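>>> Model the structure of this input:
(2 chains)
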There are 2 protein chains.
Amino acid sequence: MPTKKKENAMREVAVAGVGMTKFGVSEMTNVEMFTDAGLEAIRNSNIEPGDIDALFFGNCLGDFEEGQIHMAPFAHSALGLPMSAPATRFEGACATATVAIRHAALLVAAGVYDVVLAGGTERTTIMETPMATRTFAMGCHAQYESPTGLTFPGVFGMAAHMYSHKYDIPLDELKRHMAEVSVKNHFHGSMNPKAHFPKKITVEKVLSGPMIADPLQLLDCCPFSDGSAAVVIASADKVKSMTDKPVFIVGTGQASAGPLFLQQDLTVVKTRMTSIKRAYQEASIGPDDIDVCELHDCFTIAEILAIEALGFYEFGKGYAAATEGETKLGGCGVTINPSGGLKSKGHPIGATGAAQVVEIVEQLRGEAGERQVEGAKIGIVDTLGGDFGTICNIILRR
Amino acid sequence: MPTKKKENAMREVAVAGVGMTKFGVSEMTNVEMFTDAGLEAIRNSNIEPGDIDALFFGNCLGDFEEGQIHMAPFAHSALGLPMSAPATRFEGACATATVAIRHAALLVAAGVYDVVLAGGTERTTIMETPMATRTFAMGCHAQYESPTGLTFPGVFGMAAHMYSHKYDIPLDELKRHMAEVSVKNHFHGSMNPKAHFPKKITVEKVLSGPMIADPLQLLDCCPFSDGSAAVVIASADKVKSMTDKPVFIVGTGQASAGPLFLQQDLTVVKTRMTSIKRAYQEASIGPDDIDVCELHDCFTIAEILAIEALGFYEFGKGYAAATEGETKLGGCGVTINPSGGLKSKGHPIGATGAAQVVEIVEQLRGEAGERQVEGAKIGIVDTLGGDFGTICNIILRR
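Residues are numbered from 1 along each chain as shown, chains lettered A, B, ... in the order given. Next up is the predicted model:
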């Protein structure tokens, strides 16, 4: 190790630049998409590929998608990074890219690297939806859960039933509130040119859709998408020469849990509470300080669970937030998923966390156009991997 | 981030304890094997699972082996780690576990964590050898290399031909020297109770084996194995109360490169030279200071390439080292692969790098029994991922 002093001294860390592809259906490979996103982030940081010290790369299922493991060094060479800038792959199911970015921030803070490119990529639509559903269900426990036929819509369908039962909210009423989450996120996404499904929808359309996993209907569920997103993370010292709009990473958290039978109450995601506690502590803030939030709305009920565990609402009190317009742009609460979220913007698994960071950075820079949260100063990213097995949070501040 | 001082101050880091399963054919799952190795490492460190701050977990192909991605949190819960100790999966093909351990060391050095469990697991024999060969060949470039039918024996077969041609060594002569590498490593492995194939072999047996990928014959190739290995990494401050035989991590390196057509000369592995340069610099030592080395002998020619790029021999001069007995226990050179190496000890892909660290730690503690390198003070680990796409090195000192 470089030196041997006793005291730990972490540096301030900022996002210098961001890049992402349009989410949707792509003919490009994972590496090609990531190269587009990565070069955009590098340009946006006013540097060259040769200035990058390391690549922290997220991908979830490149082997099933393209017969490719060990994708990180190939992305590295497509980007023209130096051989001395190591490329490392992270995987944490849907939280893959957030975990990669968190570790990049930690190692820049530690002074191991000065400038790191971090993000992720996924090419899900190369598989038909049933195959993609089965394949990504490998994020459930293969020994205890998969043999029951459980896939992720099933996990979150159970969570919705538990929520309805625990808080004594009739399922039909809860379904209507869940539909409002979808309507809100599609409204946000309709203003996002990079969204997979940038179209407004109605509650009626959600409630008349095909049933996927009771009570979740089609438009309660996010799509599988192709896409990549990347950010350049730099020390506060370095970032001065790169941009006049640095967005600082002021806190991160990450927590892990085992199979569902150990978690018991799916309405109270303890991994999220553990992760966010650390992130808030590091940032010396609380939920009241947050202006804008990108969170993991893989299913509509998941957004309701998240706004409670993140501390924006009490447990059992968050279900009507979208219905009341509180979490919508211009609402009285924290704006949730101004990008359109996973629901409308799309969900390229290994890229999702990076796209969340991209949105928060653009919001805090005041560059979000039509979907700008007025005066946003502090934002948070929340990403969930697997059936609550991984939660990763990143708090950003301008 | 925790605090905001300017200067980087890294702490000293040590391995406090090690654990590994016997390598070979197992009926256990990846998580079960890793739990055995991890608990052994925790016991060997005289701590409890609750003392662990994070899990850095390596696995390469759990999805093809067991239908399992997102394995890290499940290993985390099987080990009984706290929810606040995040579990993160790394993948770098055959260098997977070395990359995980390197990042664990960096984050303990940085003061982000005090005590981290790091290692890897793989269950390759659940697939028949042809399927395993095809599956792990996904570490080659899926777009440029795999369509040619290239698998790893082919990559290293080409490297052997290039070596023979470049240095004007007749192929038959080179093959005999390569066979001596296999004989040496099997001799070492015959003293390792955890080796997959702990039996002595002869040059004649190697040269009379079936041809795999010209000029590599069966016993030039390491086996596919099942197994897990793990180490506990702690700050120098913490390690004092854990063991009276700490082994310090004094330098690490990692480098990346793209497809073979960009690498051109397979006899000079530039990623290795880049990685080892950084590791030697951090440790303030050079190749002459190394007493013992565990390196990536996935094929016999790979050991010859490695001892040259690591600086133990000049390029083109390392091919006869095993034949001359220099790299054998008690030889006049650096002892190479006293564990038996990948060749005899076995190669459970995602666990291999961790098993290399385990061997070096036991050597530096003087606990290697029959295969002890007398007076060993400084050891090095070298792991290669994919077709030279990732190299990771770790230097340890007692």
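
>>> Now for A:Met28: which residues touch it?
Neighbour list for A:Met28: A:21, A:36, A:123, A:226 [criterion: CB atoms under 8 Å, 6 or more residues apart in numbering or on different chains]. Every residue, glycine included, has its C-beta placed from N, CA and C.

>>> On the pLDDT front, check it for me.
Note for A:Met28: predicted pLDDT of 98.

>>> Over to A:Gln264?
84.

>>> Distance of it relative to A:Lys270?
9 Å (CB to CB, to the nearest Å).

>>> try A:Cys332
Applying CB to CB to A:Cys332 and A:Lys270 gives a distance of 28 Å.

>>> more neighbours, these two?
A:Lys270 (16 against 10; other CB atoms under 10 Å in any protein chain shown).

>>> Correct me if wrong: the more buried one contacts B:Met83.
Yes - A:Lys270 is in contact with B:Met83 according to CB atoms under 8 Å; the separation is 6.3 Å.

>>> Can you pull the residues that touch both of the two?
A:255, A:257.

>>> what comes up buried for the helix or strand hosting A:Asp237?
With secondary structure defined by DSSP states H and E, A:Asp237 is part of helix A:236-239. Under the neighbour-count criterion of 16 or more other CB atoms under 10 Å in any protein chain shown, helix A:236-239 has A:236, A:238-239 buried.

>>> Tell me which residue of the stretch 101-250 of chain A lies closest to chain B.
A:Gly111 (2.7 Å; CB to the nearest CB).

>>> Neighbours of that residue, how many?
20.

>>> the helices in the stretch 1-150 of chain A, which residues?
A:30-44, A:62-66, A:71-78, A:96-109, A:129-136 (DSSP state H, counting those that start in this stretch).

>>> Mind giving me the packing neighbours of the second one?
In this structure, helix A:62-66 makes packing contacts with helix A:30-44, strand A:115-123, helix B:62-66, judged by 3 or more CB pairs under 8 Å, 6 or more residues apart in numbering or on different chains; DSSP states H and E.

>>> Output those in CSV, with distance to A:Gln363 and mean neighbour count appended to each entry.
CSV is the format used below for the helices and strands packed on helix A:62-66 (distance: least, CB to CB, whole Å; neighbours: other CB atoms under 10 Å in any protein chain shown):
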stretch, distance to A:Gln363, mean neighbour count
helix A:30-44, 15, 24
strand A:115-123, 18, 31
helix B:62-66, 35, 23
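
>>> Looking at the ones you listed, which is nearest to A:Gly154?
Smallest distance to A:Gly154 across the helices and strands packed on helix A:62-66 (CB to CB): 19.3 Å, for helix B:62-66.

>>> what sits up against the closest one?
By CB under 8 Å, 6+ apart, helix B:62-66 touches A:61, A:63-64, A:135, A:138, A:142-143, B:29-30, B:68-69, B:71, B:122-124, B:126-127, B:135.

>>> Filter these down to just the buried residues.
Buried, going by 16+ other CB under 10 Å: A:61, A:63-64, A:135, A:138, A:142, B:29-30, B:68-69, B:71, B:122-124, B:126-127, B:135, out of the contacts of helix B:62-66.

>>> The contacts of A:Met28: which two are farthest apart?
By the measure CB to CB, A:Asp36 and A:Arg123 form the most distant pair in the contacts of A:Met28, at 12.8 Å.

>>> can you give me the strands in the stretch 151-300 of chain A?
For the stretch 151-300 of chain A, applying DSSP state E, counting those that start in this stretch gives strands covering A:211-213, A:216-217, A:226-235, A:247-256, A:292-294.

>>> Each with direction, which strands does the second one pair with?
What it means is strand A:216-217. strand A:211-213 (antiparallel) (DSSP bridges).

>>> Dig out what A:Cys392 forms beta bridges with.
Going by DSSP bridges, A:Cys392 forms beta bridges with A:Gln254, A:Thr383.

>>> gap between it and B:Phe90?
Taking CB to CB, one finds A:Cys392 at 15 Å from B:Phe90.

>>> Up against chain B, what does the stretch 101-250 of chain A have?
Selection of the stretch 101-250 of chain A residues close to chain B by CB under 8 Å from any CB of the partner chain yields A:103, A:105-107, A:109-112, A:135-136, A:138-139, A:141-143, A:146, A:237, A:249-250.

>>> For the residue of the stretch 251-398 of chain A found nearest chain B, which non-adjacent residue is spatially closest?
Residue nearest to chain B within the stretch 251-398 of chain A: A:Gly258 (2.4 Å; CB to the nearest CB). Residue nearest to A:Gly258 in three dimensions, not counting chain neighbours: B:Ser77, with 2.4 Å by CB to CB, 6 or more residues apart in numbering or on different chains.

>>> Hmm, A:Ala255 and the one you found touching each other?
No - the pair B:Ser77 / A:Ala255 is not scored as a contact, 11.7 Å apart, by CB under 8 Å.

>>> Spit out the contact partners of the residue nearest to the spatial centre of chain A.
In chain A, the centroid-proximal residue (CA atoms, centre = their mean) is A:Gly353; its distance is 2.9 Å. By CB under 8 Å, 6+ apart, the residues touching A:Gly353 are A:58, A:94-101, A:120, A:381, A:383, A:392.

>>> which one of those residues has the most neighbours?
Counting neighbours by other CB under 10 Å, A:Ala97 leads the contacts of A:Gly353 with 38 neighbours.

>>> Return the per-residue confidence for it.
Reported pLDDT for A:Ala97: 98.

>>> Between B:Ser77 and A:Ala255, which has more neighbouring residues?
Neighbour totals were compared for B:Ser77 and A:Ala255, and A:Ala255 leads with 28 against 20 (other CB under 10 Å).

>>> Next, the contact list for the more buried one, please.
By CB under 8 Å, 6+ apart, the contact list for A:Ala255 reads A:270-272, A:274-275, A:278, A:390-391, B:83-84, B:86.

>>> Please apply the same query to A:Ile201.
Per CB under 8 Å, 6+ apart, neighbours of A:Ile201: A:182-183, A:186, A:219.

>>> what about it, distance to A:Thr300?
12 Å.

>>> which residues do those two both contact?
A:Ser182.

>>> Tell me, how many residues neighbour A:Gly369?
10.

>>> Equivalent analysis for A:Leu81, please.
25.

>>> my guess is it meets A:Leu55, correct?
Yes - A:Leu81 lies in contact with A:Leu55 (CB under 8 Å); the separation is 6.0 Å.

>>> overlap in contacts of these two?
A:87, A:117, B:256.

>>> Looking at those, which is nearest A:Leu396?
Closest to A:Leu396 out of the shared contacts of A:Leu81 and A:Leu55 is A:Leu117 (17.2 Å), distances taken as CB to CB.

>>> distance of that closest one from A:Glu48?
Distance from A:Leu117 to A:Glu48, by CB to CB: 12 Å.

>>> Common neighbours of these two, please.
A:Ile42.
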